[in-house]
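Asks: the sequence and its predicted three-dimensional model are supplied below.
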Amino acid sequence: MKTALTIAGSDSSGGAGIQADLKTFSALGVFGMSAITAITAQNTCGVTEIREMDSMIISAQIDAVYTDIAVNAVKIGMLSSSMIIETVAESLERNHAKNIVLDTVMISKSGSYLLKPEAVDTLKRCLIPKALIVTPNLHEASALVGFDVIDMKSMKKAALVLNEMGAAYVVVKGGHLEGDACDLLYDGKEMMVFPNKRIRTIHTHGTGCTFSSAIAAGLAKGLEIKDAVRVAKEYVTIAIKHGFSLGKGVGPTHHFYDLYKKAGLI
Ligand SMILES: Nc1ncnc2c1ncn2[C@@H]1O[C@H](COP(=O)(O)OP(=O)(O)OP(=O)(O)O)[C@@H](O)[C@H]1O
Ligand SMILES: Cc1ncc(COP(=O)(O)O)c(N)n1
């Protein structure tokens, strides 16, 4: 059985964070494990409370997994603070973690800070150089590189900068582009565009979590990075297409195993 670990925040409404990650791992046939960095009280309308976990319990969760179980890939999501970033970076280093997928979560769709703005520099210094692949959206890419990332031209420029910062592979996600939802993958040599028509829906809670977890699941199963990103793009597209209304606000993506089996992703 292949395994993947998610190090991320908990979303009480189950649409994003740890919950979305574990659902994605399961749907793609990978055994999911978790280390919780923060607990959010949130629903389809927004985030009402955040509690950060302390360093001891975060590093203890990561050590407990790595000292006992072979981890084939690890996905990192919400980190909240500089202290948590440093704790996670040290824990991954200590455990010789491989196949690190870093989703540079900063602000929820509903507008709450999931990473304190002053922690962006720590993320750049401590975790981007350790990542096999980073997956910023347009806003996150802009915050990391220091210029506006708004179209394919600036996405390409940002991918070069993020690769220079130390991420071996970079996917700049185009979920927030005007028009089609095209993502860009840069492997240090070539730029590859993963085109996609925009699906007209408001139910996109957790799309970024779903996408990065699907990449981690692909890596855990031994796929080449390009193939892991291609499968993850197909997965998230189906997950958004079948996204649904839940509660009063932005509904979640869909993780039914049967859908992905039918699409040949498993
Ligand atoms: N409406 C849409 N139609 C098709 N694909 C989409 C749509 N919205 C997002 N995507 C795709 O979903 C994936 C996640 O991208 P997105 O830019 O939404 O991430 P994100 O902003 O980090 O998500 P989150 O806000 O959940 O953290 C990307 O592959 C993106 O192209
Ligand atoms: C715990 C947690 N992690 C990540 C997200 C980002 O997802 P979204 O941008 O869709 O709100 C979230 N809302 N909550």
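Replies: Structure's in. What do you need? Ligands and ions are numbered 1, 2, ... in the order given.
Asks: any regions of the chain where pLDDT drops low?
Replies: Applying pLDDT under 70 to the chain flags no residue at all.
Asks: got the buried residues for the longest helix seen in it?
Replies: If you go by DSSP state H, the chain has its longest helix at helix 225-241. Within helix 225-241, the residues that count as buried by 16 or more other C-beta atoms under 10 Å are 225, 228-240. Bear in mind the C-beta positions are built from the backbone N, C-alpha and C, glycine included.
Asks: same question, stretch 56-66
Replies: Neighbour-count burial for stretch 56-66 [16+ other C-beta under 10 Å]: 58, 59, 61, 62, 65, 66.
Asks: helices and strands around the one helix or strand the third one maps to, which ones?
Replies: The reference is to residue 61. Here residue 61, judged by DSSP states H and E, is contained in helix 55-66. If you count contacts as 3 or more C-beta pairs under 8 Å, 6 or more residues apart in numbering; DSSP states H and E, helix 55-66 packs onto strand 3-11, strand 31-43, helix 82-94.
Asks: highest mean neighbour count out of those?
Replies: Comparing the helices and strands packed on helix 55-66 by mean neighbour count (mean count of other C-beta atoms under 10 Å), strand 3-11 comes out on top with a mean of 27.
Asks: that one vs ligand 1: in contact?
Replies: No: counting by C-beta under 6 Å from any ligand atom, ligand 1 is not contacted by strand 3-11; separation bottoms out at 10.2 Å.
Asks: before we move on, back to that, of the helices and strands packed on helix 55-66, which is nearest ligand 2?
Replies: In terms of C-beta to the nearest ligand atom, the element of the helices and strands packed on helix 55-66 nearest to ligand 2 is strand 3-11, at 3.2 Å.
Asks: can you name the next helix or strand after that closest one?
Replies: From strand 3-11, the next helix or strand downstream (DSSP H and E) is helix 17-27.
Asks: which parts of that following helix are buried?
Replies: Applying 16+ other C-beta under 10 Å to helix 17-27 flags 17, 18, 19, 20, 21, 22, 23, 24, 25, 27 as buried.
Asks: quick one: that helix near ligand 1?
Replies: No: using C-beta under 6 Å from any ligand atom, helix 17-27 never reaches ligand 1; the gap is at least 8.2 Å.
Asks: which other helices and strands contact that helix?
Replies: strand 3-11, strand 31-43, helix 207-220, helix 225-241, helix 257-262.
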